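Novice: show me how the following folds:
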Amino acid sequence: MKKQFKVTPKLLGCLIFIGSSPSIFAAEATSTLTVTANVQSACVINNATLAFGEYLPVTTHANADLDGATTVGVTCTNGTTAQLFSATPTVQRTMTNSTGSVLNYQLYTTASRDTILGTTDASDTIPVVGTGVTQPIDLYGIIPQNQQVTTGNYTGTANLTISY
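Specialist: Numbering: from 1, shown residues only. Next up is the predicted model:
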């Protein structure tokens with residue numbers, strides 16, 4: 001035989017009271033949680049290529065320099081102050097071909113090519129203020145005129161450094 005369950009007004013009132021109670025605990029306490037982080041300054045330099053093109057030492061470039069330009073991407077933590085420079089000595093920036101022939105070039109910080117990109121964290125560097133996103137930094141180059149070199153493809157590297 002089945003037992004029947006009868007809901008009385010008292011039982012109904014208790015169920016409603018328990019169901020509408022915001023907490024089954026007698027009291028509450030609150031506090032704060034301190035959250036910390038230390039954001040460090042950091043910078044990165046994207047690789048780039050300065051492709052001068054054809055150097056013609058006995059015709060076009062017998063009496064005229066060959067100009068080139070490139071853009072290097074620099075990303076620094078927002079608010080970071082930095083300086084971009086080259087660790088490659090300014091008086092010895094060279095490219096070589098497969099036979100060891102040397103072709104001189106120079107790097108500059110301005111399109112007018114009047115300020116050589118320096119080798120230390122000094123006034124001949126490029127200032128950077130970090131924004132957290134990649135910033136384009138223009139670099140300019142010259143292969144000086146009248147260099148009597150052998151034919152071939154010349155390559156070299158200029159080591160860029162960012163000090164922050």
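Novice: in the longest strand along the chain, which residues are buried?
Specialist: With secondary structure taken from DSSP state E, the chain has its longest strand at strand 66-76. If you call a residue buried by 16 or more other C-beta atoms under 10 Å, then strand 66-76 has these buried ones: 66, 68, 72, 74-76. (Glycine included, C-beta is placed from N, CA and C.)
Novice: is it possible to get a markdown table of those that adds distance to Gly141 and pLDDT?
Specialist: Below are the buried residues of strand 66-76 laid out as a markdown table (distance: C-beta to C-beta, whole Å; pLDDT from 0 to 100):
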| residue | distance to Gly141 | pLDDT |
| --- | --- | --- |
| Leu66 | 9 | 98 |
| Gly68 | 4 | 98 |
| Val72 | 12 | 97 |
| Val74 | 18 | 98 |
| Thr75 | 23 | 98 |
| Cys76 | 24 | 98 |
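Novice: can you redo those residues as a markdown table with distance to Ser41?
Specialist: Formatted as a markdown table, the buried residues of strand 66-76 follow (distance: C-beta to C-beta, whole Å):
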| residue | distance to Ser41 |
| --- | --- |
| Leu66 | 38 |
| Gly68 | 32 |
| Val72 | 19 |
| Val74 | 13 |
| Thr75 | 12 |
| Cys76 | 7 |
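Novice: what is the nearest of the residues you listed to Ser98?
Specialist: Of all the buried residues of strand 66-76, the one with the least separation from Ser98 (C-beta to C-beta) is Leu66, at 20.3 Å.
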